[in-house]
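Chemist: I would like to see how this sequence folds:
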Amino acid sequence: MRPRESGSIERSGIHPASRALRVWLALGVLAICALALALDQGSTRYSLAEVFQAVVSQAGPASQVVLQLRLPRALAAFATGGLLALAGALMQVLLRNPLADPYVLGLSGGAAAGALGAMLAGAGTALVNLGAFAGALFAMALVFALARREFAYRERAAALDAAPKLLLIGVILASGWGALITSVLSLAPDAQLRGMIFWLVGDLNGVESYLAPLIALGVIVVLVCARSRELNVLARGDMVAAALGVEVAGLRRLVYVCASLATAFAVTTAGAIGFVGLVVPHALRLVIGNDQRVLLPACVLAGGALLVLADTLARSALAPHQLPVGVLTALIGVPAFLALLLKGKGVR
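Modeler: Numbering: from 1, shown residues only. Coordinates of the predicted model:
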């Protein structure tokens, strides 16, 4: 007998499919409005008619700024926010911890070490991005290799809960990456420190490609949503999932790889942007419940919209000066998350 899905969808008395469509539609409208605002706002203001003309006909006074600067940056922000929120939701299922985020296993540390090492060597933007992605993949492989023996032991002993060990390994490795990053910063010349610090806190200024993170987002969403029913069972615990016929080891590997790749693409695109992957899944879970069939797509839309809005504020609030978007997500995320914790006290 399949366990009853938890969450507010069933309690509301509304058909789950209808409720899901309403949630996705509302968040989709929010994402579209955020993208429209991103194309309109900046050091140079254009009317909505000029922005529309630039996007549709690729002509008019706003075409160059909108199409070559604002649109790529807005799409990259949406993809990055969606990837971070999706990775956070997956990590929270994998570790069964509502406070888990995409960086909890040290993936951002590996990416940062790779990117800063490339910057220290004087590499260009393409090689810096390649270094970040390679560092994230190395960190992912290292965590999985160190935890693999524990997974195998748990499976043989029919005690499948290896999440605490995986979390501990990630925390220890994150400390090691932090020491390496500090060493790189201490060796860097003053002329490079500003760019390194901006990268570390998260910045979308000068982003060159949005296609790779968008494709990665689409592929990962398809992979995890196809297993969303099993993720609902996995969230109840490895032992329960195994008893109900879920192939736990394979599903855990899929979740870990997808969350890691999502984090790697996000960090490669925009640096280490915090709180999006922590606040968005947690907030949505309190509002719409813990049904992964609804939650995962909702996280993509809400995370993308949030980062687009934050980046728009970062580049327009003090125009022509720009703030790192990671600073704004932290300033927004800290009070928002504290409010969610207080409001959600006692909520599972």
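Chemist: any weak-confidence spans in the protein?
Modeler: 1-16, 43, 47, 59-61, 149-163, 319, 344-348 (pLDDT under 70).
Chemist: Would you mind listing the residues in contact with the residue sitting nearest the centre point of it?
Modeler: A centroid search over the chain (CA atoms, centre = their mean) returns L84, at 0.2 Å, as the residue closest to the centre. Shown here is L84, whose contacts under the criterion CB atoms under 8 Å, 6 or more residues apart in numbering are 102, 262-263, 266, 273, 276-277, 280, 303, 307. Just so you know, the C-beta spots here come from the backbone N, C-alpha and C atoms, and that holds for glycine as well.
Chemist: Filter those down to the ones in helices?
Modeler: Cross-referencing those against helices under DSSP state H gives 262-263, 266, 276-277, 280, 303, 307.
Chemist: Export whichever strand or helix holds V287 to PDB, keeping only CA atoms.
Modeler: Taking DSSP states H and E as the criterion, V287 maps to helix 276-288. Provided in PDB are the C-alpha atoms of helix 276-288 (Å, rounded to 0.1, in the frame of the first residue of the first chain):
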ATOM      1  CA  VAL A 276      18.500  30.800  -2.300                       C
ATOM      2  CA  GLY A 277      18.800  27.100  -1.900                       C
ATOM      3  CA  LEU A 278      18.000  27.200   1.800                       C
ATOM      4  CA  VAL A 279      15.100  29.700   2.000                       C
ATOM      5  CA  VAL A 280      13.100  28.900  -1.100                       C
ATOM      6  CA  PRO A 281      12.500  25.200  -0.500                       C
ATOM      7  CA  HIS A 282      11.900  25.800   3.200                       C
ATOM      8  CA  ALA A 283       9.400  28.600   2.500                       C
ATOM      9  CA  LEU A 284       7.500  26.700  -0.200                       C
ATOM     10  CA  ARG A 285       7.300  23.600   2.000                       C
ATOM     11  CA  LEU A 286       5.600  25.500   4.700                       C
ATOM     12  CA  VAL A 287       3.100  26.900   2.200                       C
ATOM     13  CA  ILE A 288       2.300  24.000  -0.200                       C
END
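Chemist: Quick one: list the elements packing against that helix.
Modeler: Here helix 276-288 touches helix 8-11, helix 71-95, helix 292-316, helix 325-343, going by 3 or more CB pairs under 8 Å, 6 or more residues apart in numbering; DSSP states H and E.
Chemist: Save those helices as CSV, and put in distance to S57 too.
Modeler: As requested, those are exported to CSV (distance: least, CB to CB, whole Å):
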stretch, distance to S57
helix 8-11, 42
helix 71-95, 14
helix 292-316, 23
helix 325-343, 30
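Chemist: Identify whichever of those helices lies nearest to I32.
Modeler: Smallest distance to I32 across the helices and strands packed on helix 276-288 (CB to CB): 8.7 Å, for helix 292-316.
Chemist: May I see the buried residues of the top helix by length along the chain?
Modeler: Of all segments of type helix in the chain, defined using DSSP H, the longest is helix 125-156. Buried residues in helix 125-156, defined by neighbour count with 16 or more other CB atoms under 10 Å: 127-140, 142-144, 147, 151, 154.
Chemist: If you count contacts, what does it end up packed against?
Modeler: Counting contacts by 3+ CB pairs under 8 Å, 6+ apart, helix 125-156 packs against helix 107-120, helix 163-187, helix 248-270.
Chemist: Would you convert the ones you listed into JSON lines that also reports mean neighbour count and distance to L313?
Modeler: JSON lines is the format used below for the helices and strands packed on helix 125-156 (neighbours: other CB atoms under 10 Å; distance: least, CB to CB, whole Å):
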{"stretch": "helix 107-120", "mean neighbour count": "26", "distance to L313": "23"}
{"stretch": "helix 163-187", "mean neighbour count": "15", "distance to L313": "27"}
{"stretch": "helix 248-270", "mean neighbour count": "24", "distance to L313": "15"}
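Chemist: how about CSV for these, with distance to A26 added?
Modeler: Formatted as CSV, the entries for these read as follows, by distance: least, CB to CB, whole Å:
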stretch, distance to A26
helix 107-120, 30
helix 163-187, 33
helix 248-270, 23
